[in-house]
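Chemist: generate a structure from the sequence data that follows.
(one chain, ligands or ions: 3)
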Amino acid sequence: MVIKDVLNRPLLDLRISVTDRCNMRCRYCMPREHFDENHEFLPKEDILTFEEIVCIVRALLPHGLRKIRLTGGEPLLRKDIHELIRQLRGCSKNLDIAITTNGLLLKKHLQNLYEAGLSRVTISLDALDEGTFQRMGDTTARPSHVLEAIDAVQEIGLPVKINAVIKKGVNEREISSMVQTFGPRNIPVRFIEYMDVGSTNDWNLDHVVTANEMRSILSKEFGSLRVHQSSHPSDVAKLYTTSNNWQIGFIESITNPFCGDCSRARLSANGRIYTCLFANNGHDLRSILRMDASSEDVFQAIQSIWLNRNDRYSEERSHQTRGVKVEMSYIGG
Ligand code: SAM
Ligand code: SF4
Ligand code: SF4
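Modeler: Numbers count the residues shown, from 1 in each chain. Ligands and ions are numbered 1, 2, ... in the order given. Modelled structure (predicted):
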């Protein structure tokens, strides 16, 4: 039986943050002044074990769960992450198991991830220009490392998409060059409107490049864009194609929210379930798991949370008065 929330939305997707740590400090996500050497990351004993994560997934599989996304922080910093994928794949042959990564460690781990049963990869890359990449990510890493990882994913034969957050005055110039680079290789680029997640990134509407603005930049270069129907209504990206059939997506959380179709739950690395990316609080599952709960007990706990869910933050954003929101690196993007 599929569980549906107050607004009739099923729980189909689970985003699992496997660590709150990261090897980058993207200005819009983990600004270094907040995530410095004094920042207290989760202690190891607080973080869910692979077995605990698998128990949650097993609990949801008979109730409509069809997709998992491993994220973070940087998921490839979690030791032996391929082992988690192997265990998840053991739960179901058909489960869609994706990972979102900044790509810096991907080449090293790719073969193991592939053999373990990973279905697809999303790589975050905000700029091809080295200076812009390093400024946005507050990193000395190079975009060429990420490009090598993208090549490797294509070589191994896994589907790959690129995520790029666009911030006004910082990387608008990258919009066209990303499409020019990845379009001919059949790699969809999904441009993300800079979101007001968390409380540390000093988000301001003036920093947002809207999807309409991005499309107008692209139309000048590539001609008018055609709307492309997505294969599933809960897809977060609005899809378009250029006249030469290159696919482009826009994640328009600010200007065109998609709460009505939101079927995602998020599991933080320390085992809290969040029913919205912009939630203030999560629901503790770890305590239940550590009291020797069965899959049925875990399902009952999640069901009671989901049945009461009425989140639609992005649709209500203009009149929000919420308190301190949870950080993206903790809850998982
Ligand atoms: N570290 C991995 C990565 O960067 O791909 C996974 C975690 S990251 C939090 C997941 C996604 O969230 C990334 O694509 C990132 O660009 C996006 N993201 C983080 N902060 C954001 C913000 N304020 N607005 C829009 N997207 C954001
Ligand atoms: Fe790290 Fe990803 Fe956040 Fe960048 S977006 S700081 S890579 S978690
Ligand atoms: Fe889903 Fe919350 Fe985002 Fe709306 S704001 S799409 S409910 S995560």
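Chemist: what sits against the nearest residue to Leu225 once chain neighbours are set aside?
Modeler: In space, and not counting its chain neighbours, Leu225 is closest to Tyr240: 4.1 Å by C-beta to C-beta, 6 or more residues apart in numbering. C-beta here means a position set from N, CA and C on the backbone, and glycine is covered the same way. If you count contacts by C-beta atoms under 8 Å, 6 or more residues apart in numbering, Tyr240 has them with 215, 225-228, 247-250.
Chemist: now restrict these to buried residues only.
Modeler: Neighbour-count burial (16 or more other C-beta atoms under 10 Å) applied to the contacts of Tyr240 gives 215, 225, 247-250.
Chemist: show me which pair in the residues you listed is furthest apart.
Modeler: Maximum pairwise distance among the buried ones among the contacts of Tyr240 (C-beta to C-beta): 13.6 Å, between Arg215 and Gln247.
Chemist: what parts of this structure come near ligand 1?
Modeler: The interface of the chain toward ligand 1, taken as C-beta under 6 Å from any ligand atom, is made up of 22, 28-29, 71-72, 74, 100-102, 124, 163, 165, 192, 194-195, 197, 201, 328-329, 333.
Chemist: also near ligand 2: which of the residues you listed, exactly?
Modeler: Restricting the residues of the chain next to ligand 1 to those adjacent to ligand 2 (criterion: C-beta under 6 Å from any ligand atom) gives 22, 29, 72, 74, 102, 124, 329.
Chemist: can you redo the buried ones among the contacts of Tyr240 as a markdown table with secondary structure and pLDDT?
Modeler: Rendered in a markdown table, the data for the buried ones among the contacts of Tyr240 read as follows (DSSP: H, G, I helix; E, B strand; the rest coil; pLDDT from 0 to 100):
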| residue | secondary structure | pLDDT |
| --- | --- | --- |
| Arg215 | helix | 97 |
| Leu225 | coil | 95 |
| Gln247 | strand | 94 |
| Ile248 | strand | 97 |
| Gly249 | strand | 97 |
| Phe250 | strand | 97 |
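Chemist: which among these gets closest to Gln303?
Modeler: The shortest gap between Gln303 and any of these belongs to Gly249, at 31.8 Å (C-beta to C-beta).
Chemist: quick one, what contacts the closest one?
Modeler: The neighbourhood of Gly249, defined by C-beta under 8 Å, 6+ apart, consists of 161, 188-191, 237-240.
Chemist: specify the beta-bridge partners of it.
Modeler: Counting by DSSP bridges, Gly249 is bridged to Arg190, Leu239.
Chemist: just the closest residue of the stretch 51-200 of the chain to ligand 3, please.
Modeler: Residue nearest to ligand 3 within the stretch 51-200 of the chain: Met195 (8.7 Å; C-beta to the nearest ligand atom).
Chemist: contact partners for the nearest residue to that residue once chain neighbours are set aside?
Modeler: The shortest distance from Met195 to any residue other than its chain neighbours is 5.1 Å, reached at Ser253 (C-beta to C-beta, 6+ apart). Applying C-beta under 8 Å, 6+ apart, we find Ser253 in contact with 192-193, 195, 236, 314.
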